[in-house]
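Undergrad: Provided below are the primary sequence and the corresponding predicted coordinates.
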Amino acid sequence: MRKCVQTRNGKRGCTDIGEVSMSKRTFDLTSFGFVADEASRSYYRKQQGFMFVLLPVNSQYCLTTAVSVNGSYPDLKEMSEAKKLCEGIQSVTCAGYRVNFILKGRMGTEKFANNLAEALQFVPSFLKEKQCVGCSDSRPEPCVPGVYYAAGAVRLLKEEDYQQVVSSIARDVEEKNNKKENMVAGIVGALLGSLIGVAAILLISRLGFVAAVSGMIMGVCCLKGYELLGGKISRTGALICAGIMVVMVYMAVRLDWTLIIIRDLGWDFFTAFTNVHYVVKASDNTGNFIMGLVMNYLFTALGGAPSIVNAMQETDAAATAYVICRQEEEQF
């Protein structure tokens, strides 16, 4: 099978599509008539007047399309009948004109292949029975839309709608680039946000646990605090937030031990806080203190690092747009 593509730099070309690799595992979807877009990790195909896109959703895959019913949004109750009539469909969701059919089974398994084959045979007929017609994400007029990547999402759009989205992204990027980053205010915001993370660590510790969710809370609140007061967050800002998180996790562990000392020895807060290391050493709890600190750093890395990485990636994704399958072109 040949796939014609338009790359981000506008050049066109065709490549042979065989077994498509989306992760460490490979799975051949060309036998189902799909074409792959590696960058967005999506597959697409046109069938019976509808454009279908296969997208990853956690460990499963979603078969999505855009339809309208007499110029209106599809009804979720009507669409949900599909999971009762088709064994391969686990659930159905609707968002505007988009209908999402979540398939059973994991990508690469025989069960998934069977479920996908069953869904592809069932869904177009089901949609026509429900008087659905293919349309774009943004308007109900009947059409077979193109497939585009815009601002971090795969979109089903008419060509003119895509051009409007591209213009909107360009304006947003220009506005963001013109917006100055107030690093001092951002640091203040990050510190204020990290206090919520400290509170989460202390609360979870009081319950006798150390959890990655506290690190996630720390990461999200720290980044959002920086962005809210700093105006925007750059890669430098994200790294500053990472440094603040390191310091505040230590402060949270020290505060946790301060509360233990107040409870067990009856000292006032200032005395307990300033003498934490002395009491820990004198009571042979140095190992416990270090273990708690390491565990909190580990879980903060597990929960908070993805927040920092996502913040960096979202900045790039929000400014990215390209054609996966242009509306006017016949690909099948």
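TA: Received the coordinates, thanks. Residues are numbered from 1 along each chain as shown.
Undergrad: helix or strand for Ile324, which one?
TA: If you go by DSSP states H and E, Ile324 is part of strand 321-325.
Undergrad: list the helices and strands that strand packs on?
TA: Judged by 3 or more Cβ pairs under 8 Å, 6 or more residues apart in numbering; DSSP states H and E, the packing partners of strand 321-325 are strand 2-6, strand 42-47, strand 146-150, helix 159-178. For glycine as for every other residue, the C-beta is placed from the backbone atoms N, C-alpha and C.
Undergrad: right, and the helix or strand after the last one?
TA: What that stands for is helix 159-178. Moving toward the C-terminus from helix 159-178, the next helix or strand (DSSP H and E) is helix 183-206.
Undergrad: buried sites along that following helix?
TA: Going by neighbour count (16 or more other Cβ atoms under 10 Å), the buried part of helix 183-206 is 186-187, 189-191, 193-202, 204-205.
Undergrad: report the rounded mean pLDDT for it.
TA: Taken as a whole, helix 183-206 has an average pLDDT of 91.
Undergrad: stretch 139-151 too?
TA: 92.
Undergrad: how far off centre is it?
TA: Between the centre of stretch 139-151 and the centre of its chain there are 21 Å (Cα atoms, centre = their mean, to the nearest Å).
Undergrad: likewise stretch 203-218?
TA: Chain-centre distance of stretch 203-218: 22 Å, with Cα atoms, centre = their mean.
Undergrad: end to end on that stretch, go ahead and measure it.
TA: Separation of the first and last residues of stretch 203-218 by Cα to Cα, to the nearest Å is 13 Å.
Undergrad: please apply the same query to stretch 150-168.
TA: 10 Å.
Undergrad: ends of stretch 75-91, how far apart?
TA: Start-to-end span of stretch 75-91 (Cα to Cα) is 14 Å.
Undergrad: ok, residues contacting it?
TA: Under the contact criterion Cβ atoms under 8 Å, 6 or more residues apart in numbering, stretch 75-91 has outside partners 60, 69, 92-94, 99, 101-105, 114-119, 122-123, 126, 130.
Undergrad: over to stretch 234-249?
TA: Stretch 234-249 has contacts (Cβ under 8 Å, 6+ apart) with 181, 183, 186-187, 190-191, 194-195, 197-198, 201, 215, 218-219, 222-223, 226-227, 230, 233, 293, 296-297, 300, 304-305, 308, 311-312.
Undergrad: give me the distance from it to the chain's centre.
TA: How far stretch 234-249 lies from its chain's middle: 21 Å, per Cα atoms, centre = their mean.
Undergrad: and stretch 187-206, by the same measure?
TA: Offset of stretch 187-206 from its chain centre (Cα atoms, centre = their mean): 23 Å.
Undergrad: what's the neighbour count on Tyr297?
TA: Around Tyr297 there are 17 other residues, counting by other Cβ atoms under 10 Å.
Undergrad: what does Gly105 give?
TA: Gly105: 18 neighbours (other Cβ under 10 Å).
Undergrad: break the protein down into its structural domains.
TA: Under the assignment automatic domain parsing, the domains of the chain span 2-172, 183-318.
Undergrad: Cys325 is nearest to which of those?
TA: Comparing those against Cys325 with Cβ to Cβ, the closest turns out to be domain 2-172 (4.2 Å).
Undergrad: now the helices for the protein?
TA: 76-79, 82-85, 110-129, 159-178, 183-206, 212-230, 235-265, 269-274, 276-282, 286-318 (DSSP state H).
Undergrad: just these: most buried one?
TA: helix 212-230 (a mean of 23; mean count of other Cβ atoms under 10 Å).
Undergrad: now that helix against helix 235-265, angle please.
TA: On the basis of axes from the mean of the first three to the mean of the last three Cα atoms, to 10 degrees, helix 212-230 is oriented at 130 degrees to helix 235-265.
Undergrad: which strands or helices does helix 212-230 pack on?
TA: The elements that helix 212-230 packs onto, with contact taken as 3+ Cβ pairs under 8 Å, 6+ apart, are helix 183-206, helix 235-265, helix 286-318.
Undergrad: what's the closest of those to Arg171?
TA: Closest to Arg171 of those is helix 286-318 (Cβ to Cβ; 12.2 Å).
Undergrad: quick one: mean pLDDT for the closest one?
TA: Across helix 286-318, the average pLDDT comes to 77.
Undergrad: ditto for stretch 58-78
TA: Mean per-residue pLDDT for stretch 58-78: 93.
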